[in-house]
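Trainee: I would like the atomic coordinates for the input below:
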Amino acid sequence: MEVNTVTPDAISKIIASPSPDSSEDLPDLVVQVIDLKAVGNRFMFTASDGKQKLKGILQSSFSDMVSSGSIQNMGLIRVLDYTLNDIPNKPEKYLLVTKCESVSPALETEIKVEEEIEDGSAAKRQKQEVDVKAEDMKEAAGIMLKPKQEIVAKSAAQIINEQRGNAAPAARMGMTRRVYPLASLNPYQGNWTIKVRVTSKATMRTYNNARGEGNVFNVELTDEDGTQIQATMFNAAARKFYDTFQAGKVYFISKGTLKVANKKFNTVHNDYEMTINENSVVEEASDEGVYIPETKFNFVPIDQLGLHVNGKDVVDVIGVVQNVSPTMSIRRKINNEMIPKRDITIADESKKTVVVSLWNDHATTLGQELLDMADQSPVIAIKSVKVGDFQGVSLSAISKSVLKINPDLPESRQLRSWYDSEGKEASLASVGAGMTPSPNGGGRSMYTDRVPISHITSNPSLGDDKPVFFSLKAYISVIRPDQAMWYRACKTCNKKVTEAIGSGYWCEGCQKNEEECNLRYVMVAKISDASGETWVSTFNEQAEIIIGCPADELEKLKSQEGEDNLFQTKLKEAAWEPQTFRVSVAQTEYNNEKRQRVTLRAVAPLDYVAETSYLLGEITKMKASQ
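Mentor: Here you go, the predicted model:
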């Protein structure tokens, strides 16, 4: 039986050549995998040649080999390409394996090489057990050891030659250079070249700071292993490379710099971010695009978006387009610039809908395309959108968002099949119903932080530093009919309008005159429970749920005369129905005196099933504490 063994002094050879120029020039490097364990989406292990050991990392691209048992703890692998890297805040170097093949499944023992002195000469012998039985295998370091499988081993050179045999001459020139995987880069590294696809390109924008005015834009780059990084260009570099970088194309990039990623402005899952300066080299990789993955999506179901409300990270979503609004013009507060906006409503298999706001080019180009085909209910996939709290949960595209209509994805085909078979007839509800912002930024249900009203009224300092949020079960007890319950609002931006000279209404926000306007609620109501009562400020969305009709309709009822006034009837019908509320508590100042202000953020009829479940949980907690 052939005995599989490690390469003598393999670790010494790796240390002596930390960054080989070509994988084809590597000596045969067979090492034993020890202490293999999953860490995030990578795998940590120790490479051993029987004499020396070296800590190593297998990238996420090796997941299939590990899960299938091709790479096993205590097994042997042949290293076909690697980089020996310094890791920040770590004293030792790490072996980053970028290509390897399996040599042997798990051995029963760790290979040890000892030196024996015999007649004044040193001879090496290896101690190992080679008869491996499947029934003796067991889990080690969290990795399931599996029986040896039939594997056709090919060198990296063979694979590359087979895949790229028809590459163009310019592409072959690119293959001769040393290309580094993104996962191997760090700020302490010298010269490197990467080959990446531009999966997202933001628009050029202008900024002003203490140093003056400048230009900046960024791109998201993805390599063949699926690793991503954000690259930013300023001023001269931004102007030089803005037209060079095109979304979807593949490039060789060198002479850039890396730094620790600022998570406040960087939404890519990478510890580092790249800066490309005016002296960086950017070359398009002709005919090599097929070897770099297209945009990867990590879709979040619509009914789970509440967990990401006001979070720092962006999310990817996919849904069937239910509605597309006309283009609106919104004025930016910071510079009074008018920018186009369009809202689309999408739904998915969770039977929930959410509104996505598109801005600038997304609103005018792709948004118009969606409007033209709205009657076909297209599927849209969106990468990198922010999750906000408008109407409970809302989405907003950003400059680097990637939108694909009817993409060729398994999720798209599955969604289309669902919608055609049952979705178009299903009863759909907004995901924001019953969801509101919380102090921690996430969407909360009506049963989170439940308190009685007395908890708010007996603590006048609540909300002194910042608003705090609570849930209540209470009743609307009073809606004063003599209050100003609504205001005249612009149909575009919902801001207050004034009557224009002559006719129509003037909107200060949109800086335009409109013939018509809407009425929107802004009122106060008293809510009560067994512990007390308080007045709450209520705005349009919540007031419509309480009153049961829009403000325009209630205004018409108020204008009617007669003893049986339907306006008064509507207000009485809204009272004394059990409701669940989500409120915020903050401090306001009036006449140099601080006052507590309670604002209604969400309202929903009492769900008796959910309420029963909540009460049973509270009873269980009470029994446990006794």
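
Trainee: and the gap between L95 and Q52?
Mentor: L95 is 11 Å from Q52, where distance means CB to CB, to the nearest Å. Where C-beta positions appear, they are placed from N, C-alpha and C, glycine not excepted.

Trainee: so between the two, which is more surrounded?
Mentor: Neighbours were counted for L95 and for Q52 using other CB atoms under 10 Å; L95 has more, 22 against 15.

Trainee: ok, the helix or strand harbouring the more buried one: who's next to it in the sheet?
Mentor: Element membership for L95 (DSSP states H and E) is strand 93-104. Its sheet considered, strand 93-104 pairs with strand 53-58 (parallel), strand 76-86 (antiparallel) by DSSP bridges.

Trainee: average model confidence for it?
Mentor: Averaging pLDDT along strand 93-104 yields 86.

Trainee: contacting residues for E573?
Mentor: Shown in contact with E573 (CB atoms under 8 Å, 6 or more residues apart in numbering): G548.

Trainee: confidence score at it?
Mentor: Note on E573: pLDDT of 90.

Trainee: list phi and psi for it.
Mentor: When read as degrees, to the nearest 10, the backbone of E573 gives phi -70, psi -30.

Trainee: likewise for V355?
Mentor: phi -90, psi 130.

Trainee: in the stretch 401-550 of the chain, where is pLDDT below threshold?
Mentor: By pLDDT under 70, the low-scoring segments of the stretch 401-550 of the chain are 433-448.

Trainee: which residues of it fall in strands?
Mentor: Along the stretch 401-550 of the chain, counting by DSSP state E, counting those that start in this stretch, strands occupy 429-430, 468-478, 486-489, 497-499, 505-507, 512-514, 518-529, 532-539.

Trainee: and these: which comes nearest K312?
Mentor: Closest approach to K312 among the strands of the stretch 401-550 of the chain is made by strand 468-478 (19.2 Å; CB to CB).

Trainee: how many degrees apart are that closest one and strand 532-539 in direction?
Mentor: 100 degrees (axes from the mean of the first three to the mean of the last three CA atoms, to 10 degrees).

Trainee: could you shift the numbering so residue one becomes 37, and keep it that way?
Mentor: With 37 as the first residue, the last one maps to strand 504-514.

Trainee: which strands or helices does strand 504-514 pack on?
Mentor: On a contact count with 3 or more CB pairs under 8 Å, 6 or more residues apart in numbering; DSSP states H and E, strand 504-514 meets helix 489-493, strand 554-565, strand 614-626.

Trainee: which positions within the longest helix anywhere in the chain qualify as buried?
Mentor: Secondary structure assigned by DSSP state H gives helix 644-661 as the longest helix of the chain. By neighbour count on 16 or more other CB atoms under 10 Å, the buried set for helix 644-661 is Y650.

Trainee: same question, stretch 244-259
Mentor: Buried residues in stretch 244-259 (16+ other CB under 10 Å): 251, 253-259.

Trainee: could the helices and strands packed on strand 504-514 go into a markdown table alongside distance to A272?
Mentor: Shown next, in a markdown table, are these (distance: least, CB to CB, whole Å):
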| stretch | distance to A272 |
| --- | --- |
| helix 489-493 | 56 |
| strand 554-565 | 48 |
| strand 614-626 | 46 |
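
Trainee: of these, which approaches A462 most closely?
Mentor: Comparison of these against A462 by CB to CB identifies strand 614-626 as nearest, at 24.9 Å.

Trainee: ok, the closest one: who's next to it in the sheet?
Mentor: Here strand 614-626 has these sheet partners by DSSP bridges: strand 504-514 (antiparallel), strand 629-641 (antiparallel).

Trainee: okay, angle between it and strand 554-565 too, please.
Mentor: Interaxial angle of strand 614-626 relative to strand 554-565 (the same axes, to 10 degrees): 100 degrees.

Trainee: counting neighbours, what do you get for T145?
Mentor: 10.

Trainee: what separation do you get for the spatially most central residue of the chain and V392?
Mentor: The residue lying closest to the centre of the chain (CA atoms, centre = their mean) is V351, at 2.9 Å. From V351 over to V392 the distance is 11 Å, taken as CB to CB.

Trainee: overlap in contacts, those two.
Mentor: Taking CB under 8 Å, 6+ apart as the criterion, V351 and V392 both touch V421.

Trainee: helices of the protein, residue ranges please.
Mentor: Going by DSSP H, the chain shows helices at 46-52, 99-104, 192-199, 205-212, 271-277, 396-397, 403-408, 446-457, 489-493, 576-583, 587-594, 602-609, 644-661.

Trainee: most tightly surrounded among these?
Mentor: Of the helices of the chain, the one with the most neighbours on average (mean count of other CB atoms under 10 Å) is helix 576-583, at a mean of 20.

Trainee: which ones are touching the closest residue to I382 other than its chain neighbours?
Mentor: The spatial neighbour of I382 that comes closest, neighbours along the chain excluded (CB to CB, 6 or more residues apart in numbering), is G355 at 2.9 Å. Going by CB under 8 Å, 6+ apart, G355 touches 338, 382-384, 389-390, 415-416, 451.

Trainee: can you read off the pLDDT for G355?
Mentor: 94.

Trainee: report the beta-bridge partners for it.
Mentor: Note on G355: beta-bridge partners I416, judged by DSSP bridges.

Trainee: equivalent analysis for the one 4 residues further on, please.
Mentor: Listed beta-bridge partners, N359: T381 (assigned using DSSP bridges).
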